[in-house]
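>>> Would you be able to build a 3D model of this:
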Amino acid sequence: MTWFKELRFATNPLDIRPNPNIIGLKEQEKEIINYILKEDICFVNGLTGSGKSSMLKRIQRILKNHEFIYLDAHDLPPKFSLEKELKKKRSFFDKLAFREFPKQKPVLIIDEFQSTDPRLILNARSKWEDPDKRIIKSIVVAQISRHLDNCSSSFKERIGSKIVEMRTLTNDELKEMLKRRLYCRKLDTNFAARFNDDALDLIVKSAGKNPRKVLEYTEIVFDYHHKKFGDINPVKRADYVISPYVVKQVLEESNLYVENIKDLKSAKLKQEESNKQKQEELNKQKQENSGKQGQEENKYYKPAQIEQTLEQKSEQKLEQKEFITANITKQLNDGLEKEILKYINKEPRTVKDIAKQFNLSNNHAKKEVDILRKENHLVAKNKKGRMKLWEVAPETKRLLVES
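Next up is the predicted model:
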């Protein structure tokens, strides 16, 4: 019996395969649906484990009145025929009317787009673009890299700015994901409640905020209890609490690196203090605004004022985004640091690996790693012998891909 069967789940609730029940990405969902309804083309971009494939499955579930052709470019046979796939979508009435292709134009989704044969891309584009021969309603492509290297410049121009970015989920969103997954209807019990808040924070932080790894690390903890305790598994008891110390022990026994609990608590206190200050500033601003409500001329906006206000807000958001990106990019511009990040981005490395690759002393390499870690460019993955393996943080990976 598996751990999830023991807890009365029909299937593994922490399965890392694509799952349409995702959270925190409503804006991305709306964007993709809007492009499809407009019969347009769009590009879904995101790192490994960011939820691209899950989002594509969700879109198919939501748009039930649409026909979809979903292709995973990794698994396409050498002699794949798009025409044959399109013909499979013909309805009974299409066949009765001897139509070559379905009357209801399907939406073409290509996942792992970087592996797509360029000839297939040209074929798909012609079947979507030509108004006289249009037999594809919309095209949605998805891949990790921001650079579309395997398609023509004209195809890139068609995509233009129609790019949907899969953002990094927050701590709270990742914890909410676990709560939704770990609710057992048969027992009316949410097994996420077995973890105290610090334990969940430790899992999220140690997993580098990667949804797939959060699921994987959480399952390791449940599986450990199942194997160690068998029929007397304490997880089945409502009063049992999994502390961060238990999480740390279990994950380290699986040869995974785990964040320092003291550092985690310190960071949490700083975050709480920061949130408190923000709330106080917000309350102060509300009080100031409420004092102005008596002025009738400020009660309503004229159309021109609304337009001006929206423009100002849009400019502020753009400036803020550019400022953040510029600051992070500036940090990556240092020659050695950026080269180290590129080297680690290929696969996790130890300080010793870095020292050997760049002809540095171990102390020099350690200092470089410490700098990158403090700037949140690196996260520890697990261990290689007694040495920590370091990997590039999700947000920095995106910047390296775009640079």
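
>>> Show residues contacting stretch 54-73.
18-22, 25, 28-29, 32-33, 36, 44, 85-86, 89, 102, 104-116, 137, 140, 142, 166 (C-beta atoms under 8 Å, 6 or more residues apart in numbering). C-beta coordinates here come from the backbone N, C-alpha and C atoms, glycine included.

>>> okay, and for the stretch 251-400 of the chain, where does confidence drop off?
Applying pLDDT under 70 to the stretch 251-400 of the chain picks out residues 263-278, 290-334.

>>> for it, what spans make up the strands?
Shown for the stretch 251-400 of the chain, the strands assigned by DSSP state E, counting those that start in this stretch span residues 378-384, 387-392.

>>> tell me the angle the longest one makes with strand 387-392.
Translated: strand 378-384. An angle of 140 degrees separates the directions of strand 378-384 and strand 387-392 when computed by axes from the mean of the first three to the mean of the last three C-alpha atoms, to 10 degrees.

>>> ok, back up a step: as CSV, the strands of the stretch 251-400 of the chain with distance to Leu71 would be great.
CSV is the format used below for the strands of the stretch 251-400 of the chain (distance: least, C-beta to C-beta, whole Å):
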stretch, distance to Leu71
strand 378-384, 31
strand 387-392, 29
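
>>> distance of Arg61 from Pro20?
If you measure Arg61 against Pro20 using C-beta to C-beta, to the nearest Å, the figure is 5 Å.

>>> Generate a ChimeraX selection restricted to the buried subset of the contacts of stretch 54-73.
What follows is the ChimeraX syntax selecting those of the contacts of stretch 54-73 that are buried according to 16 or more other C-beta atoms under 10 Å:
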select :18,19,22,25,28,32,36,44,86,89,102,105,106,107,108,109,110,111,112,113,114,116,137,140,142,166
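
>>> Tell me which helix or strand comes right after the helix or strand containing Ile32.
Of the helices and strands defined by DSSP states H and E, Ile32 is found in helix 26-37. Moving toward the C-terminus from helix 26-37, the first helix or strand encountered (DSSP H and E) is strand 41-45.

>>> Parallel or antiparallel, list what pairs with that following strand.
Paired with strand 41-45 in the same sheet, following DSSP bridges, are strand 138-143 (parallel), strand 163-165 (parallel).

>>> Any chance you could list what contacts that strand?
Contacts of strand 41-45 with the rest of the structure, by C-beta under 8 Å, 6+ apart, involve 28, 31-32, 35, 52, 55-56, 113, 128, 138-146, 148, 158-159, 162-166.

>>> How about the most centrally placed residue in the chain: what's its closest non-neighbour residue?
For the chain, Ser50 is the residue whose C-alpha lies nearest the centre (C-alpha atoms, centre = their mean; 2.0 Å). In space, not counting the residues next to it along the chain, Ser50 is nearest to Met166; the distance is 4.2 Å by C-beta to C-beta, 6 or more residues apart in numbering.

>>> quick one: contacts for the one you found?
Contacts of Met166 by C-beta under 8 Å, 6+ apart are Leu25, Gln28, Val44, Asn45, Gly46, Leu47, Ser50, Gly51, Lys52, Met55.
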